[in-house]
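**Student:** show me how the following folds:
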Amino acid sequence: MSAVRRLRYRLRAGRRCGPRLASPPNPAQKPLDPASGAGAGYGADVAGSRGVRAWWWRALVVLLSVLWASAASAAEVVPGPYYYSFAEDDGAWLGAGAPPWQSVAMPRQVPNQASSFVWIAVQLPENSAGQSVLLPPVHTKYAAYLGASPLARDESALAGARAFHLIDLPETGGGRWLRLRIESDYSKTGLRGEIRLGAPHELVQGMLRRDIGRAALIVVFLLGGFASLGVAIRGVDRRAFLGFGIWLLSTGIWSAFYTEIRDLLLPSPGLWLTLWATGLGGVGVGFIVFFAATFAPDKRWVWRLIPLNAAVAVAGLALLFLDVPTSVSNPFLAGLRLLYLGEWCLVMFVVGRQALRGVREAQVWFVGLVLVAAFSIRDLLLSLGVIASGDTTAHWGSFGLFVASGVVLQRRLAALRNERDAFAAEAVATARERELLLRDLHDGLGRITTTISMLSASPRKTDPLPTIRALADEGNREIRALMQALDAEEVEWTELEAQIRLAAQRCVQASGGSTKVRVQVNDADPPGAFLYIQVLRVVQEALTNVSKHGATPHVDVTLEVSPRLLTLRVVNDGVTARPGDPSGVNLGAGMGSMRARAEELGGELRFSLDPQRDEARLELLIPLPIQYADPVC
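**Tutor:** So this is what the prediction gives:
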C-alpha cells in the first residue's frame with residue numbers, strides 16, 4: 001500500500017489509527033521504489049482512474065481537513081542537534097553514541113559543499129516507536145536508515161519534486177538514530193525543512209495548518225489572475241491587466257509548488273515540476289509587461305525585455321521536457337536568477353525615481369517591491385541556514401505586491417473612467433453646440449433671406465436694393481463670424497475681443513457717441529465655438545438696442561472671464577425716452593432673444609434701468625464650464 005493510500009485510509013479511520021497500523025519494514029525490500037508502487041515510504045504516483053470524481057473527493061477531504069486542523073496538532077519537530085558529514089558513513093559509530101561529525105541545531109543549517117551527497121543523523125525521541133517520520137523535500141534523492149537497518153529510500157529522478165516523504169517507524173526500538181544519506185546533482189544538498197514526528201493523521205493535520213495561509217493566497221492569486229485576464233480581454237488598459245493577470249497566475253502556480261498538501265491533492269511530481277517551471281518563467285514575463293505598461297510605456301529598452309523573458313521561459317520548459325543533465329540546467333537556473341535580479345534592480349530604480357518625483361502610483365508600487373525584497377531576503381537567509389527554522393515567506397511578499405498593484409490599477413481605472421466621462425460630456429456638449437449653432441444659423445440667415453424674398457416680391461414703391469444690400473452685408477457678417485469660429489482649432493479670447501470692438505465701432509459710426517471696451521481674462525480656458533458665437537450675438541443685439549434707443553449713446557462694454565464665471569456688462573448712459581416707451585428701452589424681441597441665449601448656456605441675463613441717470617445696464621452671467629440647458633421636447 002502506497003503512502004498516499006495509507007494516509008487516506010488513516011484519515012477515514014480518524015484518531016483510531018495508531019501504532020497497530022504500522023508494519024515493520026522489510027530490509028530486503030525498497031519501500032520507496034517508484035517502480036514497485038509499494039513500500040513504507042512516500043512512493044509511487046496513484047493512477048488517476050477515478051477521473052473528475054477523484055478531484056472533487058480530494059477537494060472535499062482537504063476542506064474537511066482544514067476545519068479539523070483548527071485543533072492543536074500533536075506532531076512535533078524532531079529536536080536536534082543534527083549531525084552531518086560529507087564523507088561516507090558505515091555506521092561504525094552507532095555503538096559509541098553520537099557521531100564524530102559537525103553538528104547544527106536544525107537541518108536547514110547544514111552548509112552546502114562541493115559534494116554530491118551528505119549524511120545527516122539525529123537521535124529520535126524514546127516515544128518514537130510506532131510513529132511516523134515526515135521528511136521535508138530533499139535535494140534530491142535519499143536513503144533512510146534506522147540505526148544500521150535500511151528503512152526507506154527514494155532514488156527516482158523525481159524524488160526532489162515530491163512535497164514530503166512519509167516513513168513509518170517500527171513498533172519497537174524508540175530512541176534510535178535516524179540516518180539519512182541525501183544524494184544530489186543540484187547546486188544544493190540536504191533538506192528543505194524540518195523533520196517531524198507523529199501519527200500520520202497528526203502529520204497531515206500539521207501540513208494543513210502550515211499551508212492554510214499559503215493556500216488562501218494561492219486562491220486569491222489565481223482568481224485575481226483570471227479576473228485580470230477577463231478585464232484585458234474586454235480591452236480596458238489591456239497591457240497592464242494582461243501583465244498583471246500573467247504575473248498573478250504564474251505566482252499562484254509557482255507558490256503551489258511549495259505547499260505540502262499539493263501531493264495529497266495531486267500526487268504527480270512530474271506535473272508539479274512542469275507547473276513550477278511554467279510559473280517561474282511566467283512570473284518574469286507578467287512582471288515586466290505590467291511594469292512597462294504602467295510605469296515605462298515610452299521606454300523601448302523595457303519593452304525589449306519582454307521577448308527576452310518569454311524566450312527564457314520557453315527555453316526553461318524545453319530543458320525540462322528534454323530532461324537535460326544538471327550540468328546544463330544548473331547554469332541555466334543561475335542565469336535566470338541573475339536576469340531576474342538585474343531586472344528587479346532596474347525596476348526599483350525607475351519606480352523609485354518616479355516615487356521621489358511625487359507620482360502616487362509609483363510610491364504605492366515601490367512599497368510592494370520593498371515588501372517582496374524583504375521577504376525574499378528572509379527566505380534567502382533561511383536557505384543559507386542563517387535562520388535556523390521556519391517556513392518560506394516569499395508568498396507574503398508577493399501578496400504585498402499584489403495589493404500594491406491592485407491599488408495602482410484601481411487608480412488607473414479611476415483615471416480612465418474620469419477620462420471617459422469627460423469625453424462623453426464633451427461629445428454631448430459638442431452635439432448640443434452643433435444643434436444650437438445650426439438653429440442659430442437658421443434663425444439668423446433665415447430671417448435675412450426671408451426679408452430679402454419679401455422685398456423682392458413686394459410692389460416697388462421704393463427702391464428695395466439698399467435694404468437688400470444691407471441685409472446681404474449682415475448675412476455675410478453672420479456667416480463670416482460663424483465660419484471663423486468653426487474653422488479655428490481653438491478660438492482665443494483675443495479674437496472675441498476683436499469682434500466685440502468691431503461691433504462697438506459700427507454702433508458708434510451709425511449713431512454717433514462713444515464706446516469703451518474692456519476685456520479681462522484670468523486663467524480661463526479658451527472659449528468654444530458655441531460660447532464665442534453666443535456671447536458675440538448678445539453683444540451685437542445689445543449694441544443694436546443701444547443704437548435704436550440712444551440719441552447719442554455712451555456705451556461701456558466689459559467682459560470679465562475667470563475659470564468659473566463669465567461676466568458681460570453693457571452699460572448705456574445715453575438712454576432717451578420715446579413715446580410709448582417711457583423707459584427708453586424696448587424690452588421686446590431683442591431682449592427675449594438674448595435671454596434665450598443665456599438660458600441655453602446655463603446662465604442668466606439681468607437688466608436694470610436708472611431713469612435719474614439715464615442709464616441702462618445689461619449683465620450676462622455664465623458659469624464655466626458651460627452647463628447646457630436640457631432641450632425642451
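**Student:** any idea how far residue 193 is from residue 266?
**Tutor:** Taking Cβ to Cβ, to the nearest Å as the criterion, residue 266 is separated from residue 193 by 20 Å. Quick note: C-beta positions are derived from backbone N, CA and C, even for glycine.
**Student:** out of these two, which sits in the busier spot?
**Tutor:** When residue 266 and residue 193 are compared on other Cβ atoms under 10 Å, the one with more neighbours turns out to be residue 193, at 22 against 18.
**Student:** which residues touch that one?
**Tutor:** Residues in contact with residue 193 (Cβ atoms under 8 Å, 6 or more residues apart in numbering) are 107-108, 136-137, 391.
**Student:** quick one: list the elements packing against the helix or strand harbouring residue 382.
**Tutor:** Assigned by DSSP states H and E, residue 382 belongs to helix 360-383. With contacts defined as 3 or more Cβ pairs under 8 Å, 6 or more residues apart in numbering; DSSP states H and E, the secondary structure elements packing on helix 360-383 are helix 269-295, helix 326-356, helix 394-457.
**Student:** including mean neighbour count, could those go into CSV?
**Tutor:** Formatted as CSV, the helices and strands packed on helix 360-383 follow (neighbours: other Cβ atoms under 10 Å):
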stretch, mean neighbour count
helix 269-295, 21
helix 326-356, 14
helix 394-457, 15
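**Student:** among those helices, which gets the worst mean confidence?
**Tutor:** Least confident of these, judged by mean pLDDT, is helix 394-457 with a mean of 79.
**Student:** and the residue lying closest to residue 180 once chain neighbours are set aside, bridged to which residues?
**Tutor:** Nearest non-adjacent residue to residue 180, counting by Cβ to Cβ, 6 or more residues apart in numbering: residue 120, 4.6 Å away. Taking DSSP bridges as the rule, residue 120 bridges to residue 84, residue 180.
**Student:** next, count neighbours for residue 120.
**Tutor:** A total of 23 residues lie near residue 120 under the criterion other Cβ under 10 Å.
**Student:** what sits against it?
**Tutor:** 82-84, 107, 110, 179-180, 182, 190-191.
**Student:** buried subset of the residues you listed?
**Tutor:** For those, burial is judged from neighbour counts taken by 16 or more other Cβ atoms under 10 Å, and it is met by 82-84, 107, 110, 179-180, 182, 190-191.
**Student:** could you give the number of residues near the nearest residue to residue 282 once chain neighbours are set aside?
**Tutor:** When the adjacent residues along the chain are set aside, residue 282 lies closest to residue 250, with 3.1 Å between them (Cβ to Cβ, 6+ apart). The local packing count at residue 250 equals 24, with neighbours defined by other Cβ under 10 Å.
**Student:** try the one 10 residues further on
**Tutor:** Per other Cβ under 10 Å, the neighbour tally for residue 260 reads 22.
**Student:** and the closest residue to residue 627 other than its chain neighbours, what pLDDT?
**Tutor:** The shortest distance from residue 627 to any non-neighbouring residue, by Cβ to Cβ, 6+ apart, is to residue 602 (3.7 Å). Reading off the per-residue confidence, residue 602 sits at a pLDDT of 85.
**Student:** thinking again about what came up before, out of the contacts of residue 193, which is most surrounded?
**Tutor:** Of all the contacts of residue 193, the most densely surrounded is residue 107 (27 neighbours; neighbours counted as other Cβ under 10 Å).
**Student:** where's residue 473 relative to residue 168, distance?
**Tutor:** For residue 473, the distance to residue 168 (Cβ to Cβ) stands at 110 Å.
**Student:** ok, these two, which is more surrounded?
**Tutor:** For residue 473 versus residue 168, neighbours defined as other Cβ under 10 Å are more numerous around residue 168 (24 against 11).
**Student:** bridged to the more buried one, which residues?
**Tutor:** Note on residue 168: beta-bridge partners by DSSP bridges are residue 132.
**Student:** isn't it up against residue 132?
**Tutor:** Yes. Under the criterion of Cβ atoms under 8 Å, residue 168 lies in contact with residue 132, with a separation of 5.2 Å.
**Student:** tally of neighbours for residue 382?
**Tutor:** By other Cβ under 10 Å, the residues close to residue 382 number 20.
**Student:** surely it is in contact with residue 106?
**Tutor:** No. In this structure, residue 382 is not within contact of residue 106 by Cβ under 8 Å, at 10.1 Å.
**Student:** give the buried residues for stretch 219-238.
**Tutor:** Under the neighbour-count rule (16+ other Cβ under 10 Å), stretch 219-238 has 221-222, 224-225, 228-229, 231-232, 236-237 buried.
**Student:** before we move on, what about stretch 124-144?
**Tutor:** So stretch 124-144, judged by 16+ other Cβ under 10 Å, has buried residues 124, 128-144.
**Student:** out of those, which sit inside strands?
**Tutor:** Filtering those for membership in strands, criterion DSSP state E, returns 132-135, 138-139, 141-144.
**Student:** which one of these is nearest to residue 270?
**Tutor:** residue 141 (15.4 Å; Cβ to Cβ).
**Student:** in the sheet, who's paired with that closest one?
**Tutor:** Where residue 141 sits in a bridge, its partners, by DSSP bridges, are residue 183.
**Student:** how close does it get to residue 154?
**Tutor:** Separation of residue 141 from residue 154 (Cβ to Cβ): 6 Å.
**Student:** ok, now residue 476?
**Tutor:** Distance of residue 476 to residue 154, computed by Cβ to Cβ: 97 Å.
**Student:** likewise residue 371?
**Tutor:** Applying Cβ to Cβ to residue 371 and residue 154 gives a distance of 36 Å.
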